[in-house]
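Student: got a predicted model here, sequence first, then my questions.
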Amino acid sequence: PSLVINICADCNMNCLYCPEDSDGHKIGGENLHYICKEDYCDIYSVKQLVEKFGNHIKRHNEKPVLRITGGEPLFGSENIKRTLEVLKVAKRDFGRIVLCTNGLSFEMAYGYDTKVWDSLKRTLLLKISLDTLDEDKFQLLTGTKAWNLEKVKRAIIFAANKGFKIELNVVATKENLSDVNDVLNLFGFAVAHELVGIKILTVNDFGGNVTYEQSEAEQTYVSTQLGLLINELLCRGFEERGVFLN
């Protein structure tokens, strides 16, 4: 049994495949559209929900799972503080905590309260988004400056060296699958830094709220490239495992 908490709706990236807000604005990147914070649940209510859910599931001899996402839950001091408040409550009752992040602000967030982060290493899985190691494709896909790629990579290495479990989230698109070796390089990066795995996702239209479109021919192309990728991975000795959280 799992509980998903969207800490915020704003983000410091502007990915092609992410949804727009209710007014038709992309909610991240260079021209950041800030969501009205008054619409957020107050943190006291969120903490109560997390605590009550955890206690309820434990009474039924289950291990509750908490997934924290956004927007970007580590974007800005306010969201970092909200995330840490939830983590403090969750670490008592939840057998597994999944934090979805783009990684840009992880090092800063870790510095806010190292004791809390370090106490979560056994139960926390960091799911960090990284679609490519190519600067040009990274800039195109994320809507941010190319140099942010190095910042994300540095954050992943930093977290791995601190002993956190990390899984990469990779969205398969016609851009990053134009060269299968580009995605294979991500697997090499994951192996080099002893990450726990990679999850490849296909584009989600979020109920028709995403303007990123692929023609039927492009969808066929992506499917074909994914097949080539899987075959190459099997040839290299990688194993396909069941996903932890769908």
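Tutor: Looks like it came in fine.
Student: all contacts plus neighbour counts: C-alpha atoms, from now on.
Tutor: Will do.
Student: would you point out which residue is most central in the chain?
Tutor: Residue closest to the mean C-alpha point of the chain, counted by Cα atoms, centre = their mean, is Cys100 at 3.3 Å.
Student: which strands or helices does the strand or helix carrying that residue pack on?
Tutor: Element membership for Cys100, per DSSP states H and E: strand 96-101. With contacts taken as 3 or more Cα pairs under 8 Å, 6 or more residues apart in numbering; DSSP states H and E, strand 96-101 sits against strand 65-69, strand 124-129.
Student: after the last one, which helix or strand is next?
Tutor: Right, the one you point to is strand 124-129. helix 135-142.
Student: in that following helix, what counts as buried?
Tutor: Lys137, Phe138, Gln139, Leu140, Leu141, Thr142 (16 or more other Cα atoms under 10 Å).
Student: and after that helix, which helix or strand comes next?
Tutor: According to DSSP H and E, the helix or strand after helix 135-142 is helix 148-161.
Student: what's the angle from that following helix to strand 124-129?
Tutor: 160 degrees (axes from the mean of the first three to the mean of the last three Cα atoms, to 10 degrees).
Student: any idea how far helix 148-161 is from the middle of the chain?
Tutor: Relative to its parent chain, helix 148-161 has a centroid offset of 14 Å by Cα atoms, centre = their mean, to the nearest Å.
Student: sheet partners, orientation included, of the strand holding Cys100?
Tutor: Sheet partners assigned to strand 96-101 using DSSP bridges are listed as strand 65-69 (parallel), strand 124-129 (parallel).
Student: centre of the chain to it, how far?
Tutor: 8 Å.
Student: low pLDDT regions in this protein?
Tutor: Within the chain, the ranges that satisfy pLDDT under 70 run 20-38, 205-211, 242-246.
Student: re earlier: how about the strands paired with strand 96-101 in CSV, adding distance to Lys162?
Tutor: Output for the strands paired with strand 96-101, formatted as CSV (distance: least, Cα to Cα, whole Å):
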stretch, distance to Lys162
strand 65-69, 20
strand 124-129, 12
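Student: any chance of those strands in a markdown table, with distance to Glu150 and mean neighbour count too?
Tutor: Output for those, formatted as a markdown table (distance: least, Cα to Cα, whole Å; neighbours: other Cα atoms under 10 Å):
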| stretch | distance to Glu150 | mean neighbour count |
| --- | --- | --- |
| strand 65-69 | 22 | 21 |
| strand 124-129 | 13 | 22 |
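Student: do you know which of the ones you listed lies nearest Asn161?
Tutor: strand 124-129 (13.2 Å; Cα to Cα).
Student: export that closest one as PDB, just CAs?
Tutor: In PDB, the C-alpha atoms belonging to strand 124-129 read as follows (Å, rounded to 0.1, in the frame of the first residue of the first chain):
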ATOM      1  CA  LEU A 124      15.000   5.900   1.000                       C
ATOM      2  CA  LEU A 125      15.200   5.300  -2.700                       C
ATOM      3  CA  LEU A 126      16.200   8.400  -4.700                       C
ATOM      4  CA  LYS A 127      14.600   8.300  -8.200                       C
ATOM      5  CA  ILE A 128      16.600  10.900 -10.100                       C
ATOM      6  CA  SER A 129      15.500  11.900 -13.600                       C
END
